[in-house]
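Visitor: The following block contains a protein sequence and its predicted model.
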Amino acid sequence: MERLRRALEALDEPSSCEGTLALAERLAIMLPDGDLGALDDPRFVDWIVEHGEPAPYGQGGETLRDSDVRHAIRLAARGAARVSGFDVHEVLDEIEASLSPRTHLAATLLDVLVYPPGGHFVRHKDTPYSADLVGTLIIGLPIAHTGGEFQVEDRVVDWSGNIDRERLPWVAFFGDADHEIRPVTSGARVTLVYSLALTDQPRVDPRWTTRLAGVRSAARQVEMPPEGMIMIACTRHVIGLDGPQPLGVDALRGTDRDVADTLLAAGLRVAVRTCIVARSVDWGPEQRVAPSWFRNDGEIWFARLSRPLVQEELDGMLDVLSFEPQSQIWGDGGGYDESEAQSLAPYLASGTVPTANWIMRRTAAATFMRAVEFSDDGFVVTAPSTRTSTSWLHSK
């Protein structure tokens, strides 16, 4: 178990990659009605804006527009437009080596975007709309501007300043990686945005096979604990489809899928579960909720869910939650009133998995459902309504 833990921790999965793409001919964008805008036209940016609309963003299943959150113009035709001048497939092999070593990807145009002076997009994750979605590819057009640096997790990509008319910079990243666009200070930051989705075409990458050698060796020798189950926290967020658990390994992305296939090849059974984790947190006045919260010292509660929690259920939950049955958190014994507290027991899968059976890697992914504090009795969770966001931790 410990050897497997060390082998998993040693895996280094990049969240993004970048490079440049050569222009093969004059770059132009054609609208469905035949109207054409060309990069070498001095009015190219104005042409996009004239055929554009304020760019929205997704939050909690809603499509919103707020210039304080995102200030940009997107081409109204969006993915229906046709872009010529380069072949996006030329960069897919390099992207796949980092984000999808085992499966070829398909790139589909989503948006043409203009970030004018003051344009920006606050830190966020991309809204998933398909279980096949892996990430996003952004291609920058050679138009002079300052500011507008793109930050994905700890990497800063700066396309401002000097530009090369013959080459297009690009960056690709997993959709669940935190990223932002800092304010543009002059000119216009113009980009093409592509979705990156899995195909049914397998890909062989000997380099990644070598990197998984340690996991492969540890998996062959692992001794299952008496409870017969090991829970491994994923490093990438997964779309937890609403329905019975467990899910199949096809729900996994990136390294998580590679690890699952390695365990299967070693003769282990693998299933994908939606899980919930809670721990005591000491909130400071300026402290922000961070994805690495569960890596801190402190007592932790793990539980498997019988199915993912949907938005309506999350919105309707009370401010006091417990892993215990409802009968144990309210009544005449000095506990909470039934209208004040809610049990998570109806959402939990039967059977418990001891904390010692969980492998929580340094890069494990989690998103806050609520900010919590445990009471002195160790199982009641208080969730201030002002600190709510939604998602879940996925483990296999």
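Guide: The structure has been received and is ready for your questions.
Visitor: Kindly state the domain boundaries assigned to the protein.
Guide: Using automatic domain parsing, the domain ranges for the chain come out as 11-202, 224-395.
Visitor: Any chance of CSV for those, columns mean neighbour count and mean pLDDT?
Guide: Quick note: C-beta positions are derived from backbone N, CA and C, even for glycine. Converted to CSV, these look like this (neighbours: other C-beta atoms under 10 Å; pLDDT from 0 to 100):
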stretch, mean neighbour count, mean pLDDT
domain 11-202, 17, 93
domain 224-395, 16, 67
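Visitor: For M1, which of those is the nearest?
Guide: domain 224-395 (6.8 Å; C-beta to C-beta).
Visitor: Which of the three states applies to the residue most central in space within the chain?
Guide: The centre of the chain sits closest to D176, judged by C-alpha atoms, centre = their mean, with a distance of 1.1 Å. Of the three states, D176 takes coil under DSSP: H, G, I helix; E, B strand; the rest coil.
Visitor: one step back: among the domains of the chain, which comes closest to G214?
Guide: When these are compared by C-beta to C-beta, domain 11-202 sits nearest G214, at 8.1 Å.
Visitor: circling back to that earlier point, nearest residue to the residue nearest to the centre of the chain in space, ignoring adjacent ones along the chain?
Guide: H237 (3.8 Å; C-beta to C-beta, 6 or more residues apart in numbering).
Visitor: Tell me the secondary structure at the one you found.
Guide: coil.
Visitor: Could you check how far it is from S15?
Guide: 11 Å (C-beta to C-beta, to the nearest Å).
Visitor: Ok, L105 next?
Guide: From L105 to S15 the distance is 16 Å (C-beta to C-beta).
Visitor: do the same with L133
Guide: 15 Å.
Visitor: same deal with I138?
Guide: In terms of C-beta to C-beta, I138 sits 14 Å off from S15.
Visitor: how about the helices in the stretch 1-150 of the chain?
Guide: Remark: helices assigned in the stretch 1-150 of the chain by DSSP state H, counting those that start in this stretch are 2-9, 44-50, 92-99.
Visitor: same question, the stretch 251-396 of the chain
Guide: Going by DSSP H, counting those that start in this stretch, the stretch 251-396 of the chain shows helices at 254-265, 311-315.
Visitor: Could you dump the ones you listed into CSV and include distance to G148?
Guide: Output for the helices of the stretch 251-396 of the chain, formatted as CSV (distance: least, C-beta to C-beta, whole Å):
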stretch, distance to G148
helix 254-265, 28
helix 311-315, 33
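Visitor: among the ones you listed, which is nearest T185?
Guide: Using C-beta to C-beta, the nearest of the helices of the stretch 251-396 of the chain to T185 is helix 254-265, at 34.7 Å.
Visitor: same for the closest one, what does it pack against?
Guide: helix 213-221 (3 or more C-beta pairs under 8 Å, 6 or more residues apart in numbering; DSSP states H and E).
Visitor: how about the helix it packs on: buried residues?
Guide: Counting neighbours by 16 or more other C-beta atoms under 10 Å, one finds that the buried residues in helix 213-221 are G214, V215, A218, A219.
Visitor: From the contact counts, what lies against the helix or strand just after that helix?
Guide: Downstream of helix 213-221, the next assigned helix or strand under DSSP states H and E is strand 231-232. Packing partners of strand 231-232 (3+ C-beta pairs under 8 Å, 6+ apart): strand 358-359.
Visitor: What pairs with the strand it packs on, parallel or antiparallel?
Guide: strand 231-232 (parallel) (DSSP bridges).
Visitor: Quick check: D87 touching E25?
Guide: No - counting by C-beta atoms under 8 Å, E25 is not a contact partner of D87; they are 10.3 Å apart.
Visitor: Just list the residues touching T363, thanks.
Guide: E13, T235 (C-beta atoms under 8 Å, 6 or more residues apart in numbering).
Visitor: how near is R74 to R65?
Guide: From R74 to R65 the distance is 11 Å (C-beta to C-beta).
Visitor: So for these two, which residues contact both of them?
Guide: Joint contacts of R74 and R65 (C-beta under 8 Å, 6+ apart) are P54, A55.
Visitor: Compile the domains of the chain into CSV and extend it with columns for distance to T209.
Guide: Converted to CSV, those look like this (distance: least, C-beta to C-beta, whole Å):
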stretch, distance to T209
domain 11-202, 8
domain 224-395, 9
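Visitor: Out of those, which is closest to L4?
Guide: That would be domain 224-395 among the domains of the chain, by C-beta to C-beta, at 7.0 Å.
Visitor: Look up how far L23 lies from R82.
Guide: 16 Å.
Visitor: mind listing the strands in the stretch 201-350 of the chain by residue range?
Guide: 231-232, 273-279, 300-304, 320-322, 341-343 (DSSP state E, counting those that start in this stretch).
Visitor: As a markdown table, those strands with distance to D35 would be great.
Guide: Below are the strands of the stretch 201-350 of the chain laid out as a markdown table (distance: least, C-beta to C-beta, whole Å):
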| stretch | distance to D35 |
| --- | --- |
| strand 231-232 | 52 |
| strand 273-279 | 46 |
| strand 300-304 | 54 |
| strand 320-322 | 54 |
| strand 341-343 | 55 |
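Visitor: between these, which gets nearest to G147?
Guide: strand 273-279 (38.3 Å).
Visitor: partners of the closest one, with directions?
Guide: According to DSSP bridges, strand 273-279 forms sheet pairs with strand 300-304 (antiparallel), strand 393-395 (antiparallel).
Visitor: Report the contact partners of the residue lying closest to V259 once chain neighbours are set aside.
Guide: Spatial nearest neighbour of V259, chain neighbours left out: V215 (6.0 Å); criterion: C-beta to C-beta, 6+ apart. V215 makes contact with L4, A7, L8, L11, V259, T262, L263, according to C-beta under 8 Å, 6+ apart.
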